[in-house]
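Participant: task: produce atomic coordinates for the following.
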Amino acid sequence: MNLWLAAGLALMVAGLGPALYLGARGDALQRLIGLELSSTLTVLILLLLASGFDQLSYLIAPLVLAVLSFAGILVFTRLLAPQR
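Facilitator: Residues are numbered from 1 along each chain as shown. Just a heads-up that it's a prediction; the model follows:
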């Protein structure tokens, strides 16, 4: 196990658990923050795993996820906005 894989594992254990808990509890704004935090952490974990396994082809998934999670957050924010 190299340093990249150890950092990815530590980020999975220490970061993804609280983010998923925040996404499952609370009001709508707290769930949105938990969703954004978990998608950001997932992108970072996938980037660390791609570096740890030394496979450049594994970089496609986190880059696509980063773009799609940003668009998804914009949609959820639009749905949470007060109606006129």
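Participant: show me where this protein has helices.
Facilitator: For the chain, helices defined by DSSP state H occupy the ranges 3-11, 17-24, 28-53, 60-80.
Participant: need those in a markdown table (columns: mean neighbour count).
Facilitator: (Each C-beta comes from the backbone N, C-alpha and C, glycine too.) Compiled in a markdown table, those are given as follows (neighbours: other CB atoms under 10 Å):
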| stretch | mean neighbour count |
| --- | --- |
| helix 3-11 | 15 |
| helix 17-24 | 15 |
| helix 28-53 | 17 |
| helix 60-80 | 13 |
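Participant: any chance of these in a markdown table, plus mean pLDDT?
Facilitator: Compiled in a markdown table, these are given as follows (pLDDT from 0 to 100):
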| stretch | mean pLDDT |
| --- | --- |
| helix 3-11 | 94 |
| helix 17-24 | 90 |
| helix 28-53 | 92 |
| helix 60-80 | 88 |
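Participant: my read is that residue 62 contacts residue 40, right?
Facilitator: No. Counting by CB atoms under 8 Å, residue 40 is not a contact partner of residue 62; they are 10.5 Å apart.
Participant: nearest spatial neighbour of the most centrally placed residue in the chain, skipping sequence neighbours?
Facilitator: Nearest to the geometric centre of the chain sits residue 39, at 1.7 Å (CA atoms, centre = their mean). Here the nearest residue to residue 39 in space, its sequence neighbours aside, is residue 69; by CB to CB, 6 or more residues apart in numbering that works out to 3.7 Å.
Participant: residue 60 versus the one you found, what's the distance?
Facilitator: 15 Å (CB to CB, to the nearest Å).
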